[in-house]
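S.K.: Everything below, folded, please.
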Amino acid sequence: TAAPDPVHPWDAWVPDIVVEVVSEGPEARDRGFREKRDEYLAAGAREYWIVDPESRVLVVLRRTGDRWQEWRLEPPSTYQTGLLRDFEFDVTRLFGTP
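M.R.: I've put the predicted structure just below:
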């Protein structure tokens, strides 16, 4: 596929996986957990991973039709997606031990 217009790349490309690291503060948390999930679903993303350092949780949203199916993973969990062959996301390594 040809590279899209650099000013508006998302008009041509839809990411399979979006990874968001939530910033501190209630507004940033609300945007990451509520607003962006709707935006990425509407954009066509297949998975949306929300990394929440404050709560030490990885929230995985996987598209099922026109909705998200949600998993909340905390250490010592791992996550494997069918979108990345042989890839395993180790939540413990992400956040370290408490």
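S.K.: Could you identify the helix or strand that succeeds the longest helix seen in the chain?
M.R.: Longest helix in the chain, counting residues (DSSP state H): helix 36-43. Next in sequence after helix 36-43, counting helices and strands by DSSP states H and E, comes strand 47-52.
S.K.: Paired strands for the following helix or strand past that following strand, with orientation please.
M.R.: Sequence order places strand 57-64 as the next helix or strand after strand 47-52, per DSSP H and E. In the sheet, strand 57-64 lines up against strand 47-52 (antiparallel), strand 67-73 (antiparallel) (DSSP bridges).
S.K.: Alpha carbons of the last one, as CSV, please.
M.R.: As requested, the backbone C-alpha atoms of strand 67-73 are provided in CSV (Å, rounded to 0.1, in the frame of the first residue of the first chain):
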residue,chain,number,x,y,z
ARG,A,67,-18.7,-3.3,20.0
TRP,A,68,-15.7,-3.9,22.2
GLN,A,69,-15.2,-7.0,24.3
GLU,A,70,-13.1,-6.0,27.4
TRP,A,71,-10.5,-7.7,29.5
ARG,A,72,-8.7,-6.2,32.5
LEU,A,73,-5.3,-7.7,33.1
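S.K.: Sheet partners, orientation included, of the helix or strand following that strand?
M.R.: Note on strand 67-73: by DSSP H and E, the next helix or strand toward the C-terminus is strand 78-80. If you go by DSSP bridges, strand 78-80 pairs up with strand 88-90 (antiparallel).
S.K.: Quick one: mean pLDDT over the strand it pairs with.
M.R.: For strand 88-90, mean pLDDT rounds to 92.
S.K.: Report the buried residues of it.
M.R.: Within strand 88-90, the residues that count as buried by 16 or more other C-beta atoms under 10 Å are residue 89. For the C-beta atoms, the positions are set from N, CA and C on the backbone; glycine is no exception.
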